[in-house]
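K.L.:
fold the following.
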Amino acid sequence: MESRRAALKKLTRKYGADITEVLDWAAASRNRLQALEDDPSRAEALEEQLRGLRGRLQEEADRLRALREESGRRLSAAVSEELSALAMPNARLVVRWRRPRSSGPRARTR
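P.N.:
Okay, the predicted model is just below:
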């Protein structure tokens, strides 16, 4: 009996002020779930959105890589110029980028 009271108290704290509100919340949740399950076009729309976002992620990753490569070239040139001024004309700084081995979203920006 105490465990049932504790369970009811926990439900009312989380989902409503009294058991009627908890039951209303449960009914509304069932309706939302049913609507999602009954609408296959929703899943298709989400898949399409995901494909678009993945494409955009790849575009942004490519743009970031290009910016990093350009920054590396500018840094190399600036450091090499300073090294020449320090009587080290043959010293150079070379910045190299390589593609990551993994292909996850975080790997694309490394």
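
K.L.:
which outside residues touch stretch 27-39?
P.N.:
By Cβ atoms under 8 Å, 6 or more residues apart in numbering, the residues outside stretch 27-39 that reach it are Arg42. To be clear about C-beta, it is placed using only N, CA and C from the backbone, and glycine gets the same treatment.

K.L.:
convert that stretch to CSV, retaining C-alpha atoms only.
P.N.:
Coordinates of each C-alpha in stretch 27-39 appear next as CSV, following Å, rounded to 0.1, in the frame of the first residue of the first chain:
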residue,chain,number,x,y,z
ALA,A,27,-4.0,10.4,-22.5
ALA,A,28,-2.5,13.4,-24.3
SER,A,29,0.9,11.6,-24.5
ARG,A,30,-0.8,8.5,-26.0
ASN,A,31,-2.5,10.7,-28.6
ARG,A,32,0.8,12.4,-29.5
LEU,A,33,2.5,9.0,-29.9
GLN,A,34,-0.3,7.6,-32.0
ALA,A,35,-0.2,10.6,-34.3
LEU,A,36,3.5,10.2,-34.8
GLU,A,37,3.2,6.5,-35.5
ASP,A,38,0.3,7.0,-37.9
ASP,A,39,2.0,9.6,-40.0
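
K.L.:
from the chain's centroid, how far away is it?
P.N.:
Distance of stretch 27-39 from its chain centroid, counting by Cα atoms, centre = their mean, to the nearest Å, is 27 Å.

K.L.:
repeat that for stretch 54-72.
P.N.:
That offset, for stretch 54-72, works out to 16 Å (Cα atoms, centre = their mean).

K.L.:
swap in stretch 10-28?
P.N.:
Relative to its chain's centre, stretch 10-28 lies at 33 Å (Cα atoms, centre = their mean).

K.L.:
try stretch 57-73
P.N.:
Mean C-alpha position of stretch 57-73 versus that of the full chain (Cα atoms, centre = their mean) differs by 18 Å.

K.L.:
low-confidence regions, this structure specifically.
P.N.:
By pLDDT under 70, the weakly predicted segments of the chain are 102-110.

K.L.:
for Leu86, give its distance to Ala78.
P.N.:
Noted for Leu86: a distance of 13 Å to Ala78, by Cβ to Cβ, to the nearest Å.
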